[in-house]
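A.B. asks: The following block contains a protein sequence and its predicted model.
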Number of protein chains: 2
Amino acid sequence: MTATARREQAREEYNANLRECPGHELLSVISDKWFTLVVSALADGPMRYNELGRTVAGASQRMLTQTLRRLERDGFVTRTVTPTVPIRVDYELTDLGRQIVPLQRSIKAWAEQHIPEVHAARERYSESEGE
Amino acid sequence: MTATARREQAREEYNANLRECPGHELLSVISDKWFTLVVSALADGPMRYNELGRTVAGASQRMLTQTLRRLERDGFVTRTVTPTVPIRVDYELTDLGRQIVPLQRSIKAWAEQHIPEVHAARERYSESEGE
DNA sequence: CAGGATCCTAGTCGATACTG
DNA sequence: CAGTATCGACTAGGATCCTG
């Protein structure tokens, strides 16, 4: 089992390296299913929790909360609680949050330009490989 | 159960929309754990299967094969079989594959510039929230 | 050499129900 | 209103063994 253990350790070290790589770390953050949606929803201005839930329709409460917590933790949004009754919570992009919008746009631009080629490639592939 | 069914359908429609959105589709492709590694390995020139396995150390055979198949299917790499004994298979970036390198670089650039801010935000967060 | 097939586990995600 | 807690379904990913 020594070989197995050694492999496992190698893999973990490798994963650790990957996690430390800024590029991959950022990718894992922005490729989150809801990240982009929430950020672009907030790009137009601050929003309250339920308002976000309606705008980003499709997100369960759990996912919305989780995404917002992550965004707050990573410094992309601020969370402002107004302890009225009923309570009011506003989310707003930080400077960092606003700075990621251009990057998202360039990704989107690349996608719109080249995704058709990907689709074409897929069709050729499934054609030649049968079904 | 009608309400449940309706919600489920709404969610699936939403997911379908997301999948049709080029931006998210691209993100789901390039955020794959091994995609970037394989592409940048191939950026220096064609490589054989085992060669790739060594360069992208940490990938299991299964993942390597899976990633390569996806890359081939999506038109990012070509797979060339030379039926010698033993068999030889070369992988090489296509034009499309080469065109994604600049995008990866701009993502990496953003990451290297701003990830430190994310880390700082995380420290503040875990400090203030205890633990 | 370059994979395919199989099994298995750890984490992800959504639904549901409950709370300050 | 803005969440938290818990549960089950699902699946991605790795290990392992086998083949043309």
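C.D. replies: In hand now; what should we look at?
A.B. asks: Might you list the low-confidence residue ranges for chain A?
C.D. replies: A:1-11, A:129-131 (pLDDT under 70).
A.B. asks: Give me every residue in it lying close to DNA strand C.
C.D. replies: Selection of chain A residues close to DNA strand C by Cβ under 7 Å from any atom of the strand yields A:Asp32, A:Lys33, A:Ala59, A:Ser60, A:Gln61, A:Arg62, A:Met63, A:Pro86, A:Ile87. Just so you know, the C-beta spots here come from the backbone N, C-alpha and C atoms, and that holds for glycine as well.
A.B. asks: ok, these vs B:Arg122, which is closest?
C.D. replies: A:Asp32 (15.5 Å; Cβ to Cβ).
A.B. asks: hang on, the earlier thing: list buried members of the residues of chain A next to DNA strand C by neighbour count.
C.D. replies: By neighbour count, with 16 or more other Cβ atoms under 10 Å in any protein chain shown, the residues of chain A next to DNA strand C hold A:Asp32, A:Ala59, A:Met63 as buried.
A.B. asks: Among those, which lie within helices?
C.D. replies: Using DSSP state H, the subset of these located in helices is A:Met63.
A.B. asks: Include distance to A:Ile115 when you put the buried ones among the residues of chain A next to DNA strand C into TSV, please.
C.D. replies: Shown next, in TSV, are those (distance: Cβ to Cβ, whole Å):
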residue	distance to A:Ile115
A:Asp32	20
A:Ala59	24
A:Met63	25
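A.B. asks: Among the buried ones among the residues of chain A next to DNA strand C, which one lies nearest to DNA strand D?
C.D. replies: Taking Cβ to the nearest atom of the strand as the measure, DNA strand D lies nearest A:Met63 of those, at 9.7 Å.
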